[in-house]
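> what's the 3D shape of this:
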Amino acid sequence: MIKNIYINKIFIILAVVVFVNNALAETSFKTLEGKKTSYLDFFLLKFENRIFKRSLILKRQMVPTRVQYSNIGTQVELNKNDNKILVKIYAIMDQVRYSKKKYSPKLRDCNQIRNLIFYQKHGYKFFSQKRDPNFSKAVMEDIFKEVFFNNTSLDKKEIHFLMNSIYVDITIFHPIKKIELNCSGKANDYELR
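Numbers count the residues shown, from 1 in each chain. Just a heads-up that it's a prediction; the model follows:
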């Protein structure tokens, strides 16, 4: 009999807790549904997620054909004062590989990081490591539009504005020599500086 009273009290308390939590959750979701999000905020979130996913291509390769990186970090910031979207990319060269090899980061490594993340192409010829003339600015813009502006309700003018507002700042860290290389420019520049 006493056990039944305790069981009934516990059941009533649990029912009240569940009911109160459901009422609070419903209220919280209704307040969140009422908040407005700008399309720019939505685009930036989608853009940052896409950049992060595409940066995973820079992880170690089984057969190295480019500089190997142990860690990649990405960050997207909106600077409303300058009307710029700044994409910061941090790449740390693989410590094990570059403790044995005498290699310092070069400007083409910066460009390859940008090219691989944004366009999934090296942009350089395999053997000569010279710029690939087939990978032109027009090709870059077409790929950029297809990858980042596909399935958006932006018109051509808005896409053009956003493409010219996206800047990239890449920093490559050499873990052994403690040196770093920084390059920056527009995302669709032929070469970063």
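
> so where is this protein shaky, pLDDT-wise?
Residue ranges of the chain with pLDDT under 70: 1-11, 14-33, 60-63.

> what ranges does this structure have for its helices?
2-34, 39-55, 95-100, 107-119, 137-148, 156-165 (DSSP state H).

> now do the domain split for this structure, please.
What the record gives for the chain is the domain set 1-35, 39-186, from automatic domain parsing.

> can you give me the end-to-end distance of stretch 183-193?
Using C-alpha to C-alpha, to the nearest Å, one end of stretch 183-193 lies 5 Å from the other.

> hmm, Ile176 and Ser104 touching each other?
No. Between Ser104 and Ile176 there is no contact under C-beta atoms under 8 Å: 10.2 Å. Heads up, the C-betas are built off the backbone N, CA and C, glycines and all.

> distance check, the closest residue to Gln120 other than its chain neighbours against Ser99.
Among residues not flanking Gln120 along the chain, Ile57 sits closest, at 6.5 Å (C-beta to C-beta, 6 or more residues apart in numbering). Distance, Ile57 to Ser99, by C-beta to C-beta, to the nearest Å: 24 Å.

> who touches Tyr167 in this structure?
84-87, 184-187 (C-beta atoms under 8 Å, 6 or more residues apart in numbering).

> mind redoing it with 6 Å?
84, 86, 186 (C-beta atoms under 6 Å, 6 or more residues apart in numbering).

> of the residues you listed, grab the buried ones for PyMOL.
Only the buried entries of these go into this PyMOL selection, using 16 or more other C-beta atoms under 10 Å:
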select buried, resi 86
